[in-house]
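In: test case, fold it:
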Amino acid sequence: MNELAQRTLEQHITRNRYPGRGIVIGRNGQGEWTLVYWIMGRSQHSRNRTFVAEGSTLRTQAFDPSLVEDPSLIIYEAMLELPGVQLVTNGDQTRTIHDALARGESFEAALRTRAHEPDAPHYTPRISGLLQLSGGTPRLVLSILRSNPIDPSTLTDRSFFELGAPPPGLGRGITTYAGDGNPLPSFSGEPLVLPLEGRGTDILGRYWSALDPDNRISLAVKTVAADGRCRELLVQNRHA
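Out: Now for the predicted structure:
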């Protein structure tokens, strides 16, 4: 395993009680493009979720609908697909990006219409990923929309990272938080280099084991075929 990727997984995920939600996009050990997404939770409300895979779409749903306080930030489509394009985000901006791309607009333009989440005092970042395999050269972009420290309630800083295609077994990742705290500190810096060795089941097991057992909620791994369509979508849920 790549030493940098293993060290980053250990420091930022395994030893980190609360990295929050996370996205990794890269290539598995067989060279297939792969998307990873997980959610975590500290409160009863945020823990009341599961992943549901429906074809190539990944969505969240409440495990116990009677406990839902505000569905707007916890119920959404996390992975969507367009011809030659895979999308993954930590909120309903997945649909915003999907519909913008369908109209011929760009990933970046779609996210300029969105802001960080309004969950004071944390102001959780919106993290998003694009994998475009149509048009020849693969295009991999990660984005984070963070609160501006001058006026966190109304101002959003938007960062976009267009990344080179990683070699087999490696991916680039981003999480919502740097660690636990109150308020939760937002992720900062460049996208991480993280391992994606093996196939989908190997990756699912490695990341599920790496996430804090008390706070992990759901994890999904999507394997993408050469034509850009979903080949496999695996899900692990805390709530059966």
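In: only C-alpha atoms from now on, for both contacts and neighbour counts.
Out: Fine.
In: what sits up against stretch 227-240?
Out: Contacts with stretch 227-240, where a contact means Cα atoms under 8 Å, 6 or more residues apart in numbering, come from 49-53, 55-56, 63, 81, 83-86, 132-134, 200-201, 204, 208, 216-225.
In: try it again at 7 Å.
Out: 50-51, 53, 56, 83-85, 133, 217-225 (Cα atoms under 7 Å, 6 or more residues apart in numbering).
In: which of the residues in that stretch are buried?
Out: For stretch 227-240, burial by neighbour count (16 or more other Cα atoms under 10 Å) applies to 228, 229, 230, 233, 234, 235, 236, 237, 238.
In: now stretch 39-50
Out: By neighbour count on 16+ other Cα under 10 Å, the buried set for stretch 39-50 is 39, 40, 41, 45, 46, 47, 48, 49, 50.
In: rebuild those residues as JSON lines, extending it with secondary structure and distance to residue 196.
Out: Formatted as JSON lines, those follow (DSSP: H, G, I helix; E, B strand; the rest coil; distance: Cα to Cα, whole Å):
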{"residue": "39", "secondary structure": "strand", "distance to residue 196": "18"}
{"residue": "40", "secondary structure": "strand", "distance to residue 196": "20"}
{"residue": "41", "secondary structure": "coil", "distance to residue 196": "24"}
{"residue": "45", "secondary structure": "helix", "distance to residue 196": "31"}
{"residue": "46", "secondary structure": "helix", "distance to residue 196": "27"}
{"residue": "47", "secondary structure": "helix", "distance to residue 196": "26"}
{"residue": "48", "secondary structure": "coil", "distance to residue 196": "28"}
{"residue": "49", "secondary structure": "strand", "distance to residue 196": "25"}
{"residue": "50", "secondary structure": "strand", "distance to residue 196": "23"}
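In: what's the closest of those residues to residue 170?
Out: residue 39 (20.7 Å; Cα to Cα).
In: now for the chain, the helix or strand with the poorest mean pLDDT.
Out: Scoring the helices and strands of the chain by mean pLDDT, DSSP states H and E places helix 44-47 at the bottom, with a mean of 88.
In: other residues contacting whatever helix or strand residue 217 lives in?
Out: For residue 217, the element it lies in under DSSP states H and E is strand 216-224. Contact with strand 216-224 is made by 32-41, 47, 50-51, 200, 204, 208, 230-238, as judged by Cα under 7 Å, 6+ apart.
In: residues touching residue 67, list them.
Out: residue 45.
In: got phi/psi on it?
Out: In terms of degrees, to the nearest 10, the main-chain angles of residue 67 are phi -100, psi 0.
In: ok, residue 109 next?
Out: Dihedral angles (degrees, to the nearest 10) for residue 109: phi -60, psi -40.
In: residue numbering should commence at 38 henceforth.
Out: New numbering, starting at 38: the last item is residue 146.
In: what about residue 210, distance to residue 125?
Out: 12 Å (Cα to Cα, to the nearest Å).
In: quick one: which of the two has more around it?
Out: Remark: of residue 210 and residue 125, residue 125 carries more neighbours, 30 against 22, as counted by other Cα atoms under 10 Å.
In: quick check: the more buried one touching residue 166?
Out: Yes: counting by Cα atoms under 7 Å, residue 166 is a contact partner of residue 125 at 5.2 Å.
In: average model confidence for stretch 141-158?
Out: Averaging the model's pLDDT scores along stretch 141-158 yields 97.
In: can you name the residues in contact with that stretch?
Out: Residues outside stretch 141-158 that contact it (Cα under 7 Å, 6+ apart) are 133-134, 137-138, 160-163, 182-184, 193, 220.
In: that stretch: which residues count as buried?
Out: Within stretch 141-158, the residues that qualify as buried are 144, 145, 147, 148, 151, 152, 153, 154, counting by 16+ other Cα under 10 Å.
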